[in-house]
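Enquirer: Here is a sequence together with a model predicted from it:
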Amino acid sequence: MSLNANSADIAFTFKGGMLPMTVMELSSADPEHIRSQLAGKLSQSPAFFQHTPVVLSVEKLDEPHLALERICAVCRDHKLLPVAVRGGAEPVRQSAWALGLGWFAPVEEGRSRLLESVDTTATPDDAIDEVEAADQEVVAVATRLFRGTVRSGQQVSASEGDLVVIGAVNAGAEVLAAGSIHVYGALRGRALAGIHGNTQAGIYCRELEAELLSVAGNYKRLEDIDSQLLGRAAEVHFAKEQLEIKPLG
Amino acid sequence: MAKIIVVTSGKGGVGKTTSAAAISTGLALRGKKTVVIDFDVGLRNLDLIMGCERRVVYDLVNVIQGEAGLNQALIRDKRVENLFILPASQTRDKDALTQEGVERILEQLKQDFDFILCDSPAGIERGAQLAMYFADEAIVVTNPEVSSVRDSDRILGLLGSKTRRAEQSLDPVKEHLLITRYNPSRVTSGDMLTLDDIREILSIDLLGLIPESEAVLRASNQGVPVTHDAASDAGQAYSDTVSRLLGEDMPLRFHEVQRKGLLNRMFGGGRR
Ligand SMILES: Nc1ncnc2c1ncn2[C@@H]1O[C@H](COP(=O)(O)OP(=O)(O)OP(=O)(O)O)[C@@H](O)[C@H]1O
Ligand SMILES: [Mg+2]
């Protein structure tokens, strides 16, 4: 009992963490314009929009005032949860705080996008920097294993880690993973890896016939895939701002 | 206890009713007490193919709604002993079928029969789901074309999730592939999917392969299930299918283009 007393007294611990986060970089400040594009995206990959947290990046806009509340409402209508705003002038920062959102300073040009979340100068609160540095938590998440054929109309997803399918993914089926997707069979349906924004995720399959391939929201349709690559084992990664598909092995 | 087998496909017009009629006839011819139920409420068809349309008094919906007893609604086949038909209603609304009602009828039939075949309507909606819900086995009817294979794949997904066996985590519904309207020369010319393509995509056991055949049209116009036409290719193919359903090993026939030899030409070779 006495041994546990200490830990029982603690209400919480600060833990640093690098979470994959989708940044929604706005190039329009018009809520209706945003809405119409979201509606299209939602029908393309409904599984991505499951109360997915997003950071609204307004760095590309140079309007001092933004209809931030309406933009957030449009996001929430499409099951995206704005958790913070990045960039913008002082009024934007004030209204983010007023809406209960966090605010990140804009990222300097040329800085690696992957490091921005542990960037000490970018965080407004010094206390957070310390824990970030002191305790980099590495979370191992379980791989989801699916044995059998994923059939037309079915969806199999791994919302945290990788997805391994021992079998085929048929046309009209959809497989999704926060991490990478491995298909030990033919991939004929849609495969979306890195659904929470992890650009390091990949897709691997024994026979490529996919209707759609996507890594962190960057996609290619069957039509866009070089026909030389079809019918063969392949791997798919996000590189140089686009999807790269290579024969495997 | 009876085995409940649903004949289903997703896509319409692929040969479900033809197959349900032919297979139930084949089972009865082997001495199995069989009933075939038409679940296609509003479009009744099975009674025409079975040639008993003039003897329909009550139907499935009447029995479900308590307006008639099961024995009043069951029609005894004229040609084969042990074969019964439970027709669908042409006039009623599809929503007249309820899951409880269907369950009650199936439970009752199970006491008396060896096989209960359910002829499913096309589609993946309520009617098709009701027809498959209580099934022990499923015959998935597929034509050698992309859209039919896609729909069969969809149906296989539903069989694995929207049936009583799936919902109660019992042994899964046993799935059989039945390829119908197979035309080997159109397959060879690339107009249609090959047998191997279909098997690879659907990856379930092949129960049978029925060639595209004049005999089927003749049979349905006459209201005599094609199984009775024992000289025809389709009749033989359905008979093989029934044998496999009963656990016999039968070699596959009618999947290759036949070159007509002299003997074939002289005696017709059973292919027409
Ligand atoms: N092997 C075959 N060869 C030639 N014609 C066939 C064959 N099988 C079925 N047909 C024809 O295809 C048509 C549709 O068949 P059938 O009514 O059995 O299909 P179904 O799947 O029950 O249709 P629905 O979805 O409308 O219930 C009919 O005209 C039938 O005669
Ligand atoms: Mg029919």
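Expert: Good, I have the coordinates. Ligands and ions are numbered 1, 2, ... in the order given.
Enquirer: contacts, neighbours, all on C-alpha from now
Expert: Fine.
Enquirer: who in chain B is up against chain A?
Expert: B:R150, B:D151, B:D153, B:R154, B:L156, B:G157, B:I201, B:S203 (CA under 8 Å from any CA of the partner chain).
Enquirer: Report the buried residues of stretch A:36-49.
Expert: A:L38, A:S45, A:A47, A:F48, A:F49 (16 or more other CA atoms under 10 Å in any protein chain shown).
Enquirer: And the residue of chain A that's closest to ligand 1?
Expert: Across chain A, no residue is closer to ligand 1 than A:S152, which sits at 19.0 Å (CA to the nearest ligand atom).
Enquirer: how many other residues sit next to A:E90?
Expert: 11 (other CA atoms under 10 Å in any protein chain shown).
Enquirer: For it, which non-adjacent residue is closest in space?
Expert: A:P64 (7.8 Å; CA to CA, 6 or more residues apart in numbering or on different chains).
Enquirer: And for B:Q72?
Expert: Nearest one to B:Q72, counting by CA to CA, 6+ apart, is B:Y58 at 6.9 Å.
Enquirer: swap in A:P106?
Expert: A:G87 (4.2 Å).
Enquirer: Now for that neighbour: which residues touch it?
Expert: A:G87 is in contact with A:S57, A:V58, A:E59, A:R93, A:W103, A:F104, A:A105, A:P106, A:V107, counting by CA atoms under 8 Å, 6 or more residues apart in numbering or on different chains.
Enquirer: at 7 Å instead, please
Expert: With contact set as CA atoms under 7 Å, 6 or more residues apart in numbering or on different chains, A:G87 has these partners: A:S57, A:V58, A:E59, A:F104, A:A105, A:P106.
Enquirer: shouldn't the fifth one be in contact with A:V85?
Expert: I take that to be A:A105. No - A:A105 is beyond contact range of A:V85, at 8.7 Å (criterion: CA atoms under 7 Å).
Enquirer: top helix in chain A by residue count?
Expert: When chain A is parsed with DSSP state H, its longest helix is helix A:31-44.
Enquirer: Relative to the whole chain's centre, how far out is that helix?
Expert: Offset of helix A:31-44 from its chain centre (CA atoms, centre = their mean, to the nearest Å): 17 Å.
Enquirer: which secondary structure elements does that helix contact?
Expert: Applying 3 or more CA pairs under 7 Å, 6 or more residues apart in numbering or on different chains; DSSP states H and E, one finds that helix A:31-44 contacts helix A:68-77.
Enquirer: Show me what counts as buried in the host helix or strand of B:E100.
Expert: Assessed by DSSP states H and E, B:E100 sits inside helix B:99-112. Applying a neighbour-count criterion of 16+ other CA under 10 Å, the buried positions in helix B:99-112 are B:G101, B:V102, B:L106, B:L109, B:K110.
Enquirer: Which pair of the residues of chain B next to chain A spans the longest distance?
Expert: Farthest apart among the residues of chain B next to chain A by CA to CA are B:D151 and B:S203. That separation is 14.1 Å.
Enquirer: Comparing these two, which residue is more hemmed in?
Expert: B:D151 (25 against 17).
Enquirer: which residues of chain B fall in strands?
Expert: If DSSP state E is used as the criterion, the strands of chain B fall at B:3-8, B:34-38, B:75-76, B:83-86, B:115-119, B:137-142, B:174-182, B:205-211.
Enquirer: in its sheet, what does the fourth one sit against?
Expert: Strand B:83-86 pairs in its sheet with strand B:34-38 (parallel), strand B:75-76 (antiparallel), by DSSP bridges.
Enquirer: highest average neighbour count across the ones you listed?
Expert: strand B:34-38 (a mean of 28; mean count of other CA atoms under 10 Å in any protein chain shown).
Enquirer: Can you give me the neighbour number for the residue of chain A closest to ligand 1?
Expert: 24.
Enquirer: Equivalent analysis for A:E223, please.
Expert: The number of residues packed near A:E223 is 10, by other CA under 10 Å.
Enquirer: List the backbone torsions phi and psi for it.
Expert: phi -60, psi -30 (degrees, to the nearest 10).
Enquirer: The residue nearest to A:E90 against A:S95, yeah?
Expert: No - A:P64 is beyond contact range of A:S95, at 11.3 Å (criterion: CA under 7 Å).
Enquirer: neighbour count winner among those two?
Expert: Shown here are A:P64 and A:S95; by other CA under 10 Å, A:S95 has more neighbours (18 against 10).
Enquirer: For the residue nearest the centre of chain A, which non-adjacent residue is closest in space?
Expert: Note on chain A: the residue nearest the mean C-alpha position is A:G197, at 1.8 Å, using CA atoms, centre = their mean. Closest residue to A:G197 apart from its sequence neighbours, by CA to CA, 6+ apart: A:A216 at 4.4 Å.
Enquirer: for A:I195, same thing?
Expert: Closest to A:I195 by CA to CA, 6+ apart is A:A178, at 4.9 Å.
Enquirer: quick one: average confidence on stretch A:28-40?
Expert: Stretch A:28-40 comes out with an average pLDDT of 90.
Enquirer: how about stretch A:217-235: buried residues?
Expert: A:G217, A:N218, A:Y219, A:K220, A:L222, A:I225, A:L229, A:R232, A:A233, A:A234, A:E235.
Enquirer: Pretty sure the residue of chain A closest to ligand 1 sits against A:A168.
Expert: No - the criterion here is CA under 7 Å, and A:S152 misses it with A:A168 at 10.9 Å.
Enquirer: number of nearby residues for the closest residue to chain A within chain B?
Expert: Chain B approaches chain A most closely through B:R154 (4.7 Å), counting by CA to the nearest CA. Residues near B:R154, counting by other CA under 10 Å, number 26.
Enquirer: B:F254 now?
Expert: When neighbours are counted by other CA under 10 Å, B:F254 comes out with 18.
Enquirer: Tell me if I'm right that it and B:G208 touch.
Expert: No - the criterion here is CA under 7 Å, and B:F254 misses it with B:G208 at 10.2 Å.
Enquirer: quick one: low-confidence parts of chain B?
Expert: Confidence mapping of chain B against pLDDT under 70 gives the ranges B:259-272.
Enquirer: need the helices for it, in chain order.
Expert: Using DSSP H, helices in chain B cover B:16-29, B:46-49, B:60-64, B:70-73, B:99-112, B:126-133, B:146-159, B:164-167, B:184-188, B:195-202, B:214-222, B:233-245, B:262-267.
Enquirer: now these as a markdown table including distance to ligand 1?
Expert: Below are those laid out as a markdown table (distance: least, CA to the nearest ligand atom, whole Å):
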| stretch | distance to ligand 1 |
| --- | --- |
| helix B:16-29 | 4 |
| helix B:46-49 | 8 |
| helix B:60-64 | 16 |
| helix B:70-73 | 21 |
| helix B:99-112 | 19 |
| helix B:126-133 | 10 |
| helix B:146-159 | 10 |
| helix B:164-167 | 23 |
| helix B:184-188 | 12 |
| helix B:195-202 | 15 |
| helix B:214-222 | 5 |
| helix B:233-245 | 6 |
| helix B:262-267 | 21 |
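Enquirer: Thanks a lot, catch you later.
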